[in-house]
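> Pasting the sequence and the predicted coordinates here, then a few questions.
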Amino acid sequence: MQLLDAAIAFSLTMLVFATIVSIALEAVRNVTGLRKKELKRFLGEYYSRELQPSLQAGLLKAKNRLDEAAAQNVETLTATLVTALTTAGATKSSTGRLPKPKGSTSAEDEVETFQLAAVTTEEMIDRLKHSEVGQKIVEDLKEEAEAVFAHVASRYERFGEVFSESFRTNSRRWTFGLSLALAFFVNMDSIYLMQAYMLDGDTRAAVIQQGAGIVESAREAANQPNANGEATAQAAKESLTRLAESVDSIETLPFPVGWSQYPGCPSDSSDARCPDRAPETAAGAGSGANASTKFENLKISLTNNPAAAFTWFCGCLLTAFLAGLGTPFWYDAASNLMGLAQKARSGAGAASAGPQSPPPPGSPAAA
């Protein structure tokens, strides 16, 4: 049970860390407008590179052909389709069709005017049907027009999948970079963290005791959508506050995260990896020490024991990789491990043998 409890405590700690990274990344996306930029790029490239070939391929697949004159005009008609899609007001809203944006002739204008967060396949085909070329297809092909629209829809979805994967890849890079910076900033060494949970029963028990509150706060933070499907700043702040409250009692212990550990090594540090110092150096190493003293402390710690320094660096790097697995992964891991521990204790007839928390319902949505 010691190993299982240590794994639960570790997964809960990583859940807190991954949740903070997710909230920070969402804030960066909101400030930089990253999602909107990607949508503009997606619509712009689809309109200019993919729509015309999709239509032409769909028309060739139809059993009945457009008359020769109309077929020769397909290129001309599709060349004006970008303008038609961005100015015809074909986007749906709760109040009906949106008004035509004045002077809007590009994907960028479309996203800005309609405040789009996404364009579904249904919306895309609806715009196409209301455009000049779409109406011409319906008029000439009649019942076979749906086959053309279905082909365009399938190509649109495949094109979207490529962009979605590109966005996910970029998100993973952003997540890793932010996790790496945060891991070093808060001094979170995953290797030492797991060792501490294995050896320190009190800290391990305190973390597990807060398990239900941690996973519930993480679930709320991940499932707070606004109109654009993104976590609002206020909701994220409230969820983060509740998350911090859940770990307040943990922080009263010698928690194995932070600069009270190696290589910060203040005078009152209990970390065995910290080097011995002369009394005057140690006296200036506490929380009241100035920046130059703390930097000197850090330098001594890293150069005095190269093996410990290398392990610490690898541990912080590992933290970034693990956080990159995402909040949903650590939510499921913590919930499953707590459920497993509960069953193990119940099966052994010792349900009260140690701290335990039942897994909460539901799972946070993946970003």
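Right, received. Where do you want to start?

> hey, where'd the strands end up in the protein?
Under the criterion DSSP state E, the chain carries strands at the ranges 92-93, 96-97.

> Could you tell me the least trusted of those strands?
If you rank the strands of the chain by mean pLDDT, strand 92-93 sits at the bottom with a mean of 40.

> Could you check how far Thr175 is from Leu34?
13 Å (C-beta to C-beta, to the nearest Å). Any C-beta I mention is one placed from the backbone N, CA and C, and that applies to glycine too.

> Looking at the two now, which is surrounded by more residues?
A direct count of neighbours by other C-beta atoms under 10 Å for Thr175 and Leu34 places Thr175 higher, at 21 against 17.

> most residues in a single helix of this structure, which one?
Across the chain, the helix with the greatest residue count (assigned by DSSP state H) is helix 145-186.

> Could you name the helices and strands sitting against that one?
Helix 145-186 is packed against helix 2-32, helix 34-45, helix 51-61, helix 121-130, helix 132-141, helix 306-323, with contacts defined by 3 or more C-beta pairs under 8 Å, 6 or more residues apart in numbering; DSSP states H and E.

> Now with 6 Å, please.
In this structure, helix 145-186 makes packing contacts with helix 2-32, helix 51-61, helix 121-130, helix 132-141, helix 306-323, judged by 3 or more C-beta pairs under 6 Å, 6 or more residues apart in numbering; DSSP states H and E.

> which one is Cys314 nearest to, not counting chain neighbours?
With C-beta to C-beta, 6 or more residues apart in numbering as the criterion, Cys314 has its nearest non-adjacent residue at 6.7 Å, and that residue is Ile191.

> surely that neighbour meets Gly315?
Yes. At 3.8 Å, Ile191 and Gly315 qualify as touching, with contact defined as C-beta atoms under 6 Å.

> Looking at these two, which one has more neighbours?
Comparing Ile191 with Gly315 by other C-beta under 10 Å, the one with more neighbours is Gly315, at 20 against 15.

> which residues does the more buried one contact?
If you count contacts by C-beta atoms under 6 Å, 6 or more residues apart in numbering, Gly315 has them with 189-192.

> Generate a ChimeraX selection restricted to the buried entries among those residues.
Filtering these down to the buried ones (16 or more other C-beta atoms under 10 Å) takes a single ChimeraX command:
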select :189,190,192
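
> Kindly indicate which of the contacts of Gly315 lies nearest Gly44.
When the contacts of Gly315 are ranked by distance to Gly44 (C-beta to C-beta), Ser190 comes first, at 41.5 Å.

> in the stretch 251-367 of the chain, which segments are predicted with low confidence?
Along the stretch 251-367 of the chain, segments meeting pLDDT under 70 span 251-254, 276-290, 348-367.

> Which stretches in it count as helices?
Assigned helices in the stretch 251-367 of the chain, in chain order: 279-283, 291-304, 306-323, 327-347 (criterion: DSSP state H, counting those that start in this stretch).
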